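1. Dropping a prediction and its sequence here:
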Amino acid sequence: MSSANNSNVVSIAHLRQTCRTCSLRDLCLPLGLDADDMEKLESIVHTRGPIRPGEHLFREGDSFHALFAVKSGALKTYTIDNQGREHVLGFHIGGELAGLDGIHSGRNRCNAVALQTTSVCALPFARLEQLTREVPGLQTQILRVMSREMSASAQLATEHSADERLAAFLLGLSRRYARRGLVPHLVTLPMPRRDIASHLRLATETISRLFARFQDEGIVAVKRREVEILDFNALLKLGEALDLDGGSATRGTPHSR
């Protein structure tokens, strides 16, 4: 199913220690699990990686077996149309789940490729489905993540200007990094400009021009793939009409420095 090395499976004892101390645990798993519930989850999870940049975690058409929580690095999900054009569906960073699209059909509906050296926690779906009957909140958590992805995808289908789309994208990344405990005004882009353009349904030249304009206007400072947000209020004014964070409860300005 994957080009990732299946030999990178760690012992259950190591997994228990890692899961319980993982800073991302509450992002990809339900809050407030008791010790017994955590032990049930840890018994089915295994770690895969490192997945090198350009290597695939899964490909479109592969049999669906598991959900994947990104532990480190970043993934890009995309499809290829019948004319060979790539369409970027989304990006998955630490604490976020990938592979949800395969639940209904039993086959992955897109490709997932590493943008950076990446490791993931694999949750075999057959066993995860059994656990949803035993662990309160687990099914709700999965549905919540699915709802967030559907909401963000629906937002991209609406009519918005190019500057609204890029501003919303940067705000969404800022909030996602903040949930990981990182500084929200410093955003590292794991993806190239062409992937951002494909995801936002814009031309690569448009993305480059907008970054330059945002920088000229003092909204951001850009150095290669490092973006410092200098004026959250200006960015929010541009991007508040488009929620690419999938219905985040916190739509206001992220806390800055």
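-> Perfect, I can see it now. Here the structure is a predicted model, which is why all the values come from computation and not from measurement. Numbers count the residues shown, from 1 in each chain.
2. Would you map the helices across the stretch 101-250 of the chain?
-> Secondary structure of the stretch 101-250 of the chain, counting by DSSP state H, counting those that start in this stretch: helices at 125-132, 138-156, 162-179, 193-200, 204-216, 232-239.
3. give me the number of residues near Leu57?
-> Using other Cβ atoms under 10 Å, Leu57 has 28 other residues around it. In this view, the C-beta of every residue, glycine as well, is placed from N, C-alpha and C.
4. Now the phi/psi pair for it, please.
-> Torsion angles at Leu57 (phi, psi; degrees, to the nearest 10) stand at phi -80, psi -40.
5. which residues of the chain score low on pLDDT?
-> Where the chain drops to pLDDT under 70, the residues are 1-35, 37-38, 136, 151, 154-157, 246-257.
6. quick one, domains of it?
-> The chain breaks down by automatic domain parsing into domains covering 12-137, 158-239.
7. Let me have the ones you listed in TSV, extended by distance to Arg144.
-> Output for those, formatted as TSV (distance: least, Cβ to Cβ, whole Å):
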stretch	distance to Arg144
domain 12-137	9
domain 158-239	13
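8. Surely Phe125 and Ser63 touch.
-> No. Using Cβ atoms under 8 Å, Phe125 is not in contact with Ser63, being 10.7 Å away.
9. wait, isn't Arg175 in contact with Pro184?
-> Yes. Arg175 is within contact range of Pro184, at 7.0 Å (criterion: Cβ under 8 Å).
10. sorry, back to before: quick one, which of Phe125 and Ser63 is more surrounded?
-> Higher neighbour count among Phe125 and Ser63: Phe125, with 19 against 10, using other Cβ under 10 Å.
11. now the more buried one, nearest residue through space, not along the chain?
-> Using Cβ to Cβ, 6 or more residues apart in numbering and skipping the chain neighbours, the partner closest in space to Phe125 is Ala66 (5.6 Å).
12. so the one you found bridges to which residues?
-> Beta-bridge pairing for Ala66 (DSSP bridges): Pro124.
13. same check, this time on the one 4 residues further on
-> Residues in a beta bridge with Val70, per DSSP bridges, are Val120.
14. re earlier: burial-wise, tell me which of the helices of the stretch 101-250 of the chain comes out on top.
-> helix 162-179 (a mean of 22; mean count of other Cβ atoms under 10 Å).
15. just checking, what packs against that helix?
-> Helix 162-179 sits against helix 138-156, strand 186-188, helix 193-200, helix 204-216, strand 226-229, helix 232-239, with contacts defined as 3 or more Cβ pairs under 8 Å, 6 or more residues apart in numbering; DSSP states H and E.
16. any chance of these in CSV, plus distance to Lys40?
-> What follows is these, written out as CSV (distance: least, Cβ to Cβ, whole Å):
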stretch, distance to Lys40
helix 138-156, 9
strand 186-188, 35
helix 193-200, 36
helix 204-216, 44
strand 226-229, 40
helix 232-239, 40
